[in-house]
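Asker: Make a model of this:
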Amino acid sequence: MLQISSQIILHPSELFSEYNGAFIENFVANELVKLGQDNLYYWTSDSQAEVDFILSIDNEIYPLEVKSGSNRNTKSLRSYEQKYKPKAILRASPRNFVQSENFVNVPLYGVFILEKLNSLKLNE
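Answerer: Numbering: from 1, shown residues only. Here you go, the predicted model:
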């Protein structure tokens, strides 16, 4: 829709770098819709914390934060976790797959695996 060349994505300009987060969130939103998440929701807490997506998978609710870079910050996810005690907190980022207790990082290329989240044996 932007009619930009693939070279801009491979070799980002200053403009692309500024909007990279929005591009990545849009990519994840499209993947979630393909997984059947027809209604996309987010969560915010008095402008202190914001989670990009709230997912319903197999009758469980999960927060999903999307990161375009390698930032390890999970402040918003931890804030949501304290308030609602979800089974897992999720991050989609360029980082590799990582599961540590109830935290799961899914690489951006693997967002499709979220539909199989309950097979990850969380909290066992």
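Asker: helices or strands up against the longest strand anywhere in the chain?
Answerer: When the chain is parsed with DSSP state E, its longest strand is strand 49-57. Here strand 49-57 touches helix 14-34, strand 41-45, strand 60-66, helix 75-84, going by 3 or more C-beta pairs under 8 Å, 6 or more residues apart in numbering; DSSP states H and E. Placement of C-beta: from N, CA and C, glycine included.
Asker: Any buried residues in that strand, and which?
Answerer: Counting neighbours by 16 or more other C-beta atoms under 10 Å, one finds that the buried residues in strand 49-57 are Ala49, Val51, Asp52, Phe53, Ile54, Leu55, Ile57.
Asker: re earlier: nearest to Ile113, of the helices and strands packed on strand 49-57?
Answerer: Evaluated over those, closeness to Ile113 peaks at helix 14-34, with 10.2 Å, by C-beta to C-beta.
Asker: Give the rounded mean pLDDT of that closest one.
Answerer: On average, the pLDDT along helix 14-34 is 82.
Asker: Can you list the buried residues in it?
Answerer: For helix 14-34, by 16+ other C-beta under 10 Å, it's Ile24, Glu25, Phe27, Val28, Ala29, Glu31, Leu32.
Asker: follow-up on the earlier one: tell me what angle the longest strand of the chain forms with strand 41-45.
Answerer: 140 degrees (axes from the mean of the first three to the mean of the last three C-alpha atoms, to 10 degrees).
Asker: Restrict strand 49-57 to CA atoms and write it as PDB.
Answerer: Extracted C-alpha coordinates of strand 49-57, given in PDB (Å, rounded to 0.1, in the frame of the first residue of the first chain):
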ATOM      1  CA  ALA A  49       1.700   0.700  30.600                       C
ATOM      2  CA  GLU A  50       0.400  -0.500  27.300                       C
ATOM      3  CA  VAL A  51       0.200  -4.000  25.900                       C
ATOM      4  CA  ASP A  52      -0.200  -4.200  22.100                       C
ATOM      5  CA  PHE A  53      -2.600  -7.200  21.900                       C
ATOM      6  CA  ILE A  54      -4.800  -9.200  24.200                       C
ATOM      7  CA  LEU A  55      -5.400 -12.600  22.800                       C
ATOM      8  CA  SER A  56      -8.000 -15.300  23.500                       C
ATOM      9  CA  ILE A  57      -6.500 -18.700  22.900                       C
END
